[in-house]
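Engineer: predicted model follows, preceded by the sequence.
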Amino acid sequence: MIRSSVSWARLLRRGGARFAAALLAAAVLNGAIGSAEPAPGRQPTMIVPRCEDFTVNGQGDHAAWNAAAWTPLQRRPGGKHEYTARFKMMYSAKGIYVLFDGSDQTLTATMQEDFLHLWEEDVFELFFWTDEKHPVYFEYEISPLGQELPILVPNLNQRFLGWRPWDYRGSRKIKKGVSARGGESRPLARVAGWRAEIFIPYELLKPLQQVPPQVGTRWRANFYRVDYDDEHVTGWDWARVGPSFHDFQNFGTLIFSKEIAVAESDSTADIQNLKLRDWEPRSMLKTKVTRVNRPAFPVIDVHNHLGGGARTLTEERVKRYLQAMDEAGVRTVVNLDGGWDEKLRETIAALDAAHPGRFLTFALIDLRGFDEAGWTERETARLRKSFAAGAKGLKFHKSLGLYYRDGQRRLLAIDDPRLDPIWALCGEMKRPVMIHTADPAAFFTPLDRHNERWHELNEHPNWLFFGEDYPSREELLAQRNRAIARHPQTTFIGAHFGNNPEDLATVGEWLDTYPNFYVDIDARINELGRQPYSCRRFFLKYQDRIMFGTDTTPKAEAYRLYYRFLESDDEYFDTAESHHRQGFWMIYGIFLPDDVLEKLYLTNAQRILGLD
């Protein structure tokens with residue numbers, strides 16, 4: 001991370017004296033990620049294998065990578081996001097290969113040109129200090145959209161600036177590619193993760209010493225990731241450094257090995273040892289495919305995350321949302337990312353006010369400091385102002401019950417009495433509560449050979465809530481239900497089918513017991529569609545209590561998968577594009593009648609949201 005990036009050619013034209021003055025006066029970005037200052041620790045060492053040259057494509061799927069081990073990046077203190085981050089590295093006769101992989105939810109990246117301030121958005125960074133005798137190193141940054149920032153950094157007692165490459169083309173230009181999992185590589189897309197694959201030619205690094213490296217050569221290095229989702233900044237590093245990413249004295253060590261990374265062959269012996277994570281079966285079934293381009297009735301999507309604040313909700317971004325909604329026949333989208341105070345006002349201005357009838361914004365409350373005196377009164381007053389400003393409801397994330405702890409490490413329970421005035425206010429002002437409680441059943445069981453969501457949890461180990469650190473799933477759902485029972489005048493919407501689509505009988509009991517409880521189907525057609533007979537019967541019986549939602553940034557093809565599930569009798573089709581890969585199975589359509597579809601798509605939401 002560096003704020004001053006000056007062209008090599010421009011510096012040469014300025015002359016030596018002016019260059020020295022510019023160097024000494026350079027501004028520094030400390031790169032402090034998180035509220036706590038990390039203390040440098042024991043620095044890691046990596047053995048870098050050799051490889052034959054190959055072409056990078058952003059997927060990291062060349063067989064040579066199979067012989068290189070993943071190395072994890074560690075989250076820096078103060079970070080909020082539980083994402084994974086890891087990398088691989090190899091070297092060849094011509095250059096350095098690096099592969100980054102990280103889980104994610106949103107590509108918080110908008111810059112469309114190289115050599116911009118990429119560190120101000122989601123980014124992967126690497127630093128190569130090739131010779132400890134000289135305080136000069138190479139820095140490279142790449143965004144999830146493939147924009148890059150290569151610079152040479154002289155660092156004199158933490159006073160530094162970056163030189164852009166001279167004649168950056170041909171054999172001196174870095175080859176790179178990026179890809180996204182569970183979504184598209186586009187600005188602010190909802191995804192499951194992203195990768196960056198990089199080839200750095202020695203021709204570019206030749207101003208540095210010990211380039212190219214020989215067997216046994218040692219470089220100092222570090223690797224970083226920064227993520228900006230939900231306006232929280234989280235950093236990861238390989239070698240733990242101080243507040244500055246340019247703390248090069250604490251970089252780790254690379255040792256270049258004589259061992260050669262040999263690509264695995266496709267022999268029968270190898271396929272018999274296929275790893276579960278690499279198994280991607282293709283169905284041999286020939287089944288009917290019904291393409292439902294537009295729904296039977298206009299749609300209100302009651303569960304979506306469009307982002308919040310003026311910086312995120314640019315005219316261009318909102319225009320993309322509207323285009324996808326129009327293509328898919330979506331009348332209105334409920335945005336659950338409103339936040340509070342100025343962010344909420346900016347969100348309502350960019351969506352609800354600018355495009356009446358197309359967007360509805362829900363507020364959030366600030367759960368931080370819940371154990372402080374006056375917290376309940378503060379947040380109740382803030383929420384009242386949020387509703388007065390135009391928020392149409394209140395959203396709670398799964399973090400309630402799972403993450404927020406007091407000074408004694410005790411979790412804030414969903415039915416904690418300190419929240420009662422919040423629930424009561426929502427009833428008083430007739431604003432529904434969208435509440436996400438717990439997660440899929442498999443996320444609360446051991447990550448072993450019996451876990452049916454192994455693939456997903458292997459990619460996102462931070463989604464696993466099994467163990468003594470967390471309440472049981474049953475206890476979390478019981479906490480939510482006790483809050484619902486205590487506030488019969490407040491309408492609660494159970495996100496993700498009440499987060500219990502694996503047990504429709506129990507969800508039915510909840511709906512029978514709590515008349516103020518409703519559910520939406522967002523991000524759960526993967527569960528509902530694998531039990532089509534029971535699911536159809538359930539939808540027919542509780543047709544007045546179910547609403548349509550997706551939890552997926554507006555995309556026409558994602559909506560059409562939901563329509564196909566609800567309107568067709570198609571068999572054994574994939575739902576990954578509707579959200580992301582959730583379980584290794586296919587689903588079946590439930591061909592609902594028109595009167596039920598109208599309620600599910602439109603009229604139930606109109607009634608609950610007060611849009612009649």
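Structural biologist: Looks like it came in fine.
Engineer: so the protein: which segments form each domain?
Structural biologist: 5-260, 299-608 (automatic domain parsing).
Engineer: tabulate those (TSV), appending mean neighbour count.
Structural biologist: For the C-beta atoms, the positions are set from N, CA and C on the backbone; glycine is no exception. Below are the domains of the chain laid out as TSV (neighbours: other CB atoms under 10 Å):
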stretch	mean neighbour count
domain 5-260	18
domain 299-608	19
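Engineer: redo those domains as a markdown table? Include distance to residue 281 and mean pLDDT.
Structural biologist: Converted to a markdown table, the domains of the chain look like this (distance: least, CB to CB, whole Å; pLDDT from 0 to 100):
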| stretch | distance to residue 281 | mean pLDDT |
| --- | --- | --- |
| domain 5-260 | 17 | 83 |
| domain 299-608 | 8 | 95 |
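Engineer: could I get the ones you listed as CSV with distance to residue 280?
Structural biologist: Formatted as CSV, these follow (distance: least, CB to CB, whole Å):
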stretch, distance to residue 280
domain 5-260, 11
domain 299-608, 9
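Engineer: in a helix, residue 465, correct?
Structural biologist: No. The assignment for residue 465 by DSSP: H, G, I helix; E, B strand; the rest coil gives coil, which leaves it out of any helix.
Engineer: residue contacts, it?
Structural biologist: Contacts for residue 465 (CB atoms under 8 Å, 6 or more residues apart in numbering) come out as 402, 438-439, 443-444, 473.
Engineer: how about it, phi and psi?
Structural biologist: The phi and psi values for residue 465, taken as degrees, to the nearest 10, are phi -120, psi 30.
Engineer: how far away is the residue nearest to residue 50 when sequence neighbours are not counted from residue 253?
Structural biologist: Leaving aside its sequence neighbours, residue 50 sits nearest to residue 260 (CB to CB, 6 or more residues apart in numbering; 4.8 Å). Distance from residue 260 to residue 253, counting by CB to CB, to the nearest Å: 21 Å.
Engineer: same deal with residue 464?
Structural biologist: 32 Å.
Engineer: same question, residue 285
Structural biologist: 53 Å.
Engineer: also residue 81?
Structural biologist: For residue 81, the distance to residue 253 (CB to CB) stands at 28 Å.
Engineer: what sits against residue 97?
Structural biologist: By CB under 8 Å, 6+ apart, the neighbours of residue 97 are 51, 56, 88-91, 197-199.
Engineer: go on, residue 204?
Structural biologist: 150, 165, 168, 172-174.
Engineer: residue 402 versus that one, what's the distance?
Structural biologist: From residue 204 to residue 402 the distance is 46 Å (CB to CB).
Engineer: my read: residue 107 touches residue 194, true?
Structural biologist: Yes. Using CB atoms under 8 Å, residue 107 is in contact with residue 194, at 6.5 Å.
Engineer: between these two, what contacts are shared?
Structural biologist: 122, 144, 180, 185.
Engineer: looking at the residues you listed, which one is closest to residue 454?
Structural biologist: When the shared contacts of residue 107 and residue 194 are ranked by distance to residue 454 (CB to CB), residue 180 comes first, at 21.6 Å.
Engineer: which SS class is that closest one?
Structural biologist: Classification of residue 180 using three-state DSSP returns strand.
Engineer: any idea what it is bridged to?
Structural biologist: For residue 180, the beta-bridge partners under DSSP bridges are residue 194.
Engineer: wait, what's in contact with it?
Structural biologist: Applying CB under 8 Å, 6+ apart to residue 180 gives the contacts 107, 144, 189, 191-195.
Engineer: try it again at 7 Å.
Structural biologist: 107, 144, 189, 191, 194 (CB atoms under 7 Å, 6 or more residues apart in numbering).
Engineer: ok, the residue positioned nearest the centre of the chain to residue 277 distance?
Structural biologist: Note on the chain: the residue nearest the mean C-alpha position is residue 105, at 1.5 Å, using CA atoms, centre = their mean. Separation of residue 105 from residue 277 (CB to CB): 21 Å.
Engineer: ditto for residue 340
Structural biologist: Counting by CB to CB, the gap from residue 340 to residue 277 is 40 Å.
Engineer: repeat that for residue 161.
Structural biologist: Residue 161 is 43 Å from residue 277, by CB to CB.
Engineer: likewise residue 172?
Structural biologist: Taking CB to CB, one finds residue 172 at 36 Å from residue 277.
Engineer: regarding residue 125, what is its secondary structure?
Structural biologist: strand.
Engineer: list the contacts of the residue lying closest to it once chain neighbours are set aside.
Structural biologist: What sits nearest to residue 125 in space, not counting adjacent residues and going by CB to CB, 6+ apart, is residue 224, at 4.3 Å. Counting by CB under 7 Å, 6+ apart, residue 224 makes contact with 125, 235-237, 245.
Engineer: ok, residue 460 next?
Structural biologist: 84, 103.
Engineer: how about the strands of the stretch 451-600 of the chain, start to end?
Structural biologist: Remark: strands assigned in the stretch 451-600 of the chain by DSSP state E, counting those that start in this stretch are 492-494, 517-520, 546-547.
Engineer: closest to residue 132 among the contacts of residue 224?
Structural biologist: Once CB to CB is applied, the member of the contacts of residue 224 that ends up nearest residue 132 is residue 245, at 18.0 Å.
Engineer: residue 574 and residue 535: what is the separation?
Structural biologist: Residue 574 is 17 Å from residue 535, by CB to CB.
Engineer: is it true that residue 564 touches residue 570?
Structural biologist: Yes. Applying CB atoms under 7 Å, one finds residue 564 in contact with residue 570, separated by 6.0 Å.
Engineer: shared neighbours, those two?
Structural biologist: With CB under 7 Å, 6+ apart, residue 564 and residue 570 have common neighbours 290, 589.
Engineer: quick one: contacts for the residue nearest to the centre of the chain?
Structural biologist: With CB under 7 Å, 6+ apart, residue 105 has these contacts: 190-191, 229.
Engineer: list just the nearest of those residues to residue 67.
Structural biologist: For the contacts of residue 105, the nearest to residue 67 is residue 191 (27.6 Å; CB to CB).
Engineer: which stretches in the stretch 451-600 of the chain count as helices?
Structural biologist: Along the stretch 451-600 of the chain, counting by DSSP state H, counting those that start in this stretch, helices occupy 454-459, 473-486, 495-499, 504-513, 525-528, 532-541, 556-567, 594-598.
Engineer: nearest to residue 290, of those helices?
Structural biologist: Once CB to CB is applied to these, the stretch that comes out nearest is helix 556-567, at 5.9 Å.
Engineer: now that closest one against helix 532-541, angle please.
Structural biologist: 80 degrees (axes from the mean of the first three to the mean of the last three CA atoms, to 10 degrees).
Engineer: which other helices and strands does helix 556-567 contact?
Structural biologist: For helix 556-567, the packing partners by 3 or more CB pairs under 7 Å, 6 or more residues apart in numbering; DSSP states H and E come out as helix 315-328.
Engineer: try it again at 8 Å.
Structural biologist: helix 315-328, helix 525-528 (3 or more CB pairs under 8 Å, 6 or more residues apart in numbering; DSSP states H and E).
Engineer: switch those over to a markdown table; also include distance to residue 356.
Structural biologist: Converted to a markdown table, the helices and strands packed on helix 556-567 look like this (distance: least, CB to CB, whole Å):
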| stretch | distance to residue 356 |
| --- | --- |
| helix 315-328 | 12 |
| helix 525-528 | 30 |
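Engineer: so which of the ones you listed is nearest residue 456?
Structural biologist: helix 525-528 (10.1 Å).
Engineer: can I get the closest one as CSV, trimmed to CA atoms?
Structural biologist: The C-alpha trace of helix 525-528 is given here as CSV (Å, rounded to 0.1, in the frame of the first residue of the first chain):
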residue,chain,number,x,y,z
ILE,A,525,-34.3,-23.3,-3.1
ASN,A,526,-31.4,-25.8,-3.0
GLU,A,527,-32.9,-27.3,0.1
LEU,A,528,-36.6,-26.9,-0.9
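Engineer: pull the contacting residues for residue 395.
Structural biologist: 336-338, 362-364, 433-436 are the contacts of residue 395 under CB under 8 Å, 6+ apart.
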